[in-house]
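>>> got a structure for you, letters missing:
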């Protein structure tokens, strides 16, 4: 008979318990991926190429690719790209 496990248990097993370096790295990577997907989706919605977006924000196309792949997102550049795509960023205390 198999036992049922929830997502929190599986994540803890694979990426460490909350508060560990491994878990924090997983959390950062997950957010970077999520933000990259939002940027890619909006760019495509606006029918912009990576090259076109790069020109608007003063970056090179490979940088936009890295951002969309969740590899290189700095807050200042994320805000610049989000603004160029007509996205807003809302920070909340939580």
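All right, it came through fine. The structure presented is a predicted model; accordingly, all values stated were derived computationally and were not measured.
>>> Report the helix of this protein that spans the greatest number of residues.
When the chain is scanned for its longest helix (criterion: DSSP state H), the result is helix 21-45.
>>> Which elements pack onto it?
The contact analysis (3 or more Cβ pairs under 8 Å, 6 or more residues apart in numbering; DSSP states H and E) places helix 21-45 against helix 7-15, helix 61-68, helix 75-84. Placement of C-beta: from N, CA and C, glycine included.
>>> Give me whichever of those helices is most buried.
helix 61-68 (a mean of 19; mean count of other Cβ atoms under 10 Å).
>>> Figure out how far that one is from the centre of its chain.
When C-alpha coordinates are averaged (Cα atoms, centre = their mean, to the nearest Å), helix 61-68 and its chain have centres 12 Å apart.
>>> which helices and strands sit right next to that helix?
helix 21-45, helix 50-57, helix 75-84.
>>> Format the ones you listed as TSV; extra columns: distance to residue 64.
Compiled in TSV, the helices and strands packed on helix 61-68 are given as follows (distance: least, Cβ to Cβ, whole Å):
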stretch	distance to residue 64
helix 21-45	8
helix 50-57	4
helix 75-84	8
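>>> Could I get those in JSON lines, plus columns for distance to residue 14 and mean pLDDT?
What follows is these, written out as JSON lines (distance: least, Cβ to Cβ, whole Å; pLDDT from 0 to 100):
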{"stretch": "helix 21-45", "distance to residue 14": "8", "mean pLDDT": "92"}
{"stretch": "helix 50-57", "distance to residue 14": "31", "mean pLDDT": "97"}
{"stretch": "helix 75-84", "distance to residue 14": "27", "mean pLDDT": "90"}
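>>> gap between the two ends of stretch 86-94?
This stretch, stretch 86-94, spans 25 Å end to end (Cα to Cα, to the nearest Å).
>>> What lies in contact with it?
With Cβ atoms under 8 Å, 6 or more residues apart in numbering as the test, stretch 86-94 has contacts from 38, 39, 42, 46, 78, 79, 82.
>>> between those, which is nearest residue 68?
Nearest to residue 68 among those, counting by Cβ to Cβ, is residue 39 at 5.7 Å.
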